[in-house]
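Enquirer: the following block contains a protein sequence and its predicted model.
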Amino acid sequence: MQSFHALSTSSPLLSSFAALNTETEPLDVARAFLAHQGIDKNEYKLVDDWYTDLHTGVTHMYFRQVVDGIEVLNGDINLNIMGDGTILSYGSSFYTGAKPQGAGRGLMGSVQKFFGLEEDKVVSPTTALHGLMSHLRLPLTASNDITITPTSTFSGSEPIFHLENVPGALKPAKAHRAYYQTAVQNPRTGVWESGLKLVWAVEVDLGDHWVSSAVDAVTGKEVLGVVDWVSDASYNVFPLGTNDPEEGPRVLLKNPHDLVASPFGWHGTSANTTSHDTTGNNVWAQANPSGGYEWKELPRPKSKKLDFDFRYNETMEPKSYVDAAVTNLFYVNNAIHDLFYRYGFTEAAGNFQTENFGRGGRGGDCVIANAQDGSGYDNANFATPPDGQNGRMRMYVWDQTKPFRDGDMESGIVIHEYCHGLSTRLTGGPMNSNCLGWGEAGGMGEGWGDFFATVLRMMHTDTHKAEFGMGEYANGGEGIRNYMYSRSKEHNKDTYASCDKPGYWGVHAKGEVWAEMLYEVLWNLVDEHGFSPYLLPPVDHNTTDMREGAVGTPFSVEGKNKKLPNAEAFFHPNTTIPAHGNTLALQLVIDGLKLQPCRPSFAEARDAIIAADLALTGGENKCAIWKGFAKRGLGVGAKLVGGTPWGGGVREESRDVPGGCERKKGGKGGKGKKGGKKEEMK
């Protein structure tokens, strides 16, 4: 069902289209490409969340499949278009089979057709909601207690029904009619094959779970698909680069915000608004000991002078230092908001901000971050609804030590959770939160979080022998992963085929495999380009800073606030290409998130990173990237044998790299001879 085609693979379709294309405007290019692919303009709709990356000039466009006027929930195309009109890559999960029986009658089209649901042999949205809640084993009140309000529509689109009084829901549930690709048994042959079913798309926010689902619209009982959007001034804090109390002391940081990403600081949405607690444009942080869902009136540390310096003693129980914990949570969320902004997670790309300053995207969606959340222990989670709705982070106390430890004080856990928001918003477009819900895609959703958390704690003194864990401090030293992230295959045995092992069915275990692959790629890039302790470039006063006369201070992972002399120390001269391996790895992985298709496989995400390097550097780092993946079994020829759209298959490893990437004898690697044999990475 899913396919990914990169220009670097010399796809015949892309090559033939490139020869015919005369357009340069992204939307015109996209429409011409879809027509060239045989897709009629009535068979798709443009999702209104496309944008152009300033540093690469690549425009990311997203299309949803439409059958007889009704959208296909899991039918998506993403197109990545260069500034000259060249298509860099695309991904497609459009349904290409026969239309379902009954298709062709047209869509609902107006609220009035709501009253004809029974005549059309389609169950009501309430019945579908009952089916979903039963599937989730959650209680639901009688149908007559639920109020249904259909929206008016004059555009011919399916109306959205709002269902109120749903027990446990934080807001009215939503439902609209759609199609869903799933396994359907052929009545003549008995063979299971891909087909379309009419469904109710039901969304309900239950706090611990924020569910987007597809419920059979005829039976109202069969749940065909479920994606849970919840994955698991001066500030005295543990600065980024100091992962937890065992790695170093807290530091009193003054005005650590980045003036490009947060032009009015971390406490304001304009020059005239300033909060005096841990609320701001990017995050609202507060203590939530009761574990409830109401957050606006929860307690927060306050300071009229914006001096957030509170007592912290890890030998005491966490509740004794709750203000320090909330401050640390507020700081880390803001710091990584600013960091990822400078690497392309901007307003247009779907980041988390209340006010977007007219720079694109949908505002009103800062992160709601709860410290010492009383709804659980030994964990954390992050809910990522579509752009324009608040992300929600819940951080828990860990009870594996005496006294208990607070996950808010381990930056790696906070970063991991925030990165669920990053990867979900960037994959498939900001308005599609259903692309990383299961399988390899869901596993990578966990792996990216571990990878970014690891990159942000590395030091220039680290060598190939460096090994990193996750959750070691909070969990009392053992960590929460099977292996440490390591270049040693003795210390970390994960490879592509590990995903077939019995203990690797879950997303966290698959995520460990993906993060280890990215860790290998990271070190290959550091070997080639060196390491920078500075993760943010200087502010460009001419094009990006919104405040006159502002001076930016680049963040250092080593806790120092020394200003870089000029941009040349961060970028290659006259480019926006990071000059060092660790910053380049951050950029390429984030760019890859934007290029990959919805519901990507490991191989598709790998190809997206390679395509990102092609777009940014012209492919200079292709071999370094391939060698990192090949070392862990995802080389040229690696594949999922017998894979199906609904799961299954066996992974076949490869340690081959493309011709031209062979290692030079006695050296650490080189481009080799053009057209040479594929090399096997040991």
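Expert: Noted; the coordinates are in hand.
Enquirer: so the residue nearest to A261 when sequence neighbours are not counted: helix, strand or coil?
Expert: Leaving aside its chain neighbours, A261 sits nearest to Y341 (3.5 Å; criterion: C-beta to C-beta, 6 or more residues apart in numbering). Backbone N, C-alpha and C define where each C-beta goes, glycine included. Secondary structure assignment for Y341 (DSSP: H, G, I helix; E, B strand; the rest coil): helix.
Enquirer: mind listing the strands in the stretch 1-150 of the chain by residue range?
Expert: Along the stretch 1-150 of the chain, the stretches classed as strands by DSSP state E, counting those that start in this stretch are 3-6, 44-46, 51-52, 59-67, 70-81, 87-92, 147-150.
Enquirer: break this structure down into its domains, please.
Expert: The chain is divided into the following domains under the TED database: 3-92, 125-228, 235-433, 435-551+575-659.
Enquirer: helices or strands next to the host helix or strand of R606 in the packing?
Expert: Element membership of R606 [criterion: DSSP states H and E] is helix 602-617. For helix 602-617, the contact count by 3 or more C-beta pairs under 8 Å, 6 or more residues apart in numbering; DSSP states H and E identifies strand 3-6, strand 87-92, helix 439-455, helix 507-529, helix 581-595, helix 622-631 as packing neighbours.
Enquirer: what sits against the residue nearest to A261?
Expert: Counting by C-beta atoms under 8 Å, 6 or more residues apart in numbering, Y341 touches 258, 260-261, 351.
Enquirer: coming back round to it: what mean pLDDT does the helix holding R606 have?
Expert: For helix 602-617, mean pLDDT is 97.
Enquirer: can you give the distance of that helix from its chain's centre?
Expert: Distance of helix 602-617 from the chain centroid (C-alpha atoms, centre = their mean, to the nearest Å) equals 16 Å.
Enquirer: and the angle from it to helix 507-529?
Expert: Calculated by axes from the mean of the first three to the mean of the last three C-alpha atoms, to 10 degrees, helix 602-617 forms an angle of 30 degrees with helix 507-529.
Enquirer: could you give the angle of helix 602-617 to helix 622-631?
Expert: Using the same axes, to 10 degrees: helix 602-617 against helix 622-631 is 160 degrees.
Enquirer: i'd like the first residue to be 4 from this point on
Expert: Taking 4 as the first residue, the last one we looked at is helix 605-620.
Enquirer: pLDDT weak spots in the stretch 304-453 of the chain?
Expert: Along the stretch 304-453 of the chain, no part satisfies pLDDT under 70.
Enquirer: where exactly do the helices run in it?
Expert: 325-345, 414-429, 442-458 (DSSP state H, counting those that start in this stretch).
Enquirer: ok, which of the ones you listed comes nearest P153?
Expert: With C-beta to C-beta as the criterion, P153 lies closest to helix 414-429 of the helices of the stretch 304-453 of the chain, at 28.7 Å.
Enquirer: surely I593 and T430 touch.
Expert: No - counting by C-beta atoms under 8 Å, T430 is not a contact partner of I593; they are 11.0 Å apart.
Enquirer: so which of the two has more stuff around it?
Expert: T430 (30 against 22; other C-beta atoms under 10 Å).
Enquirer: against T357, how distant is the more buried one?
Expert: 23 Å (C-beta to C-beta, to the nearest Å).
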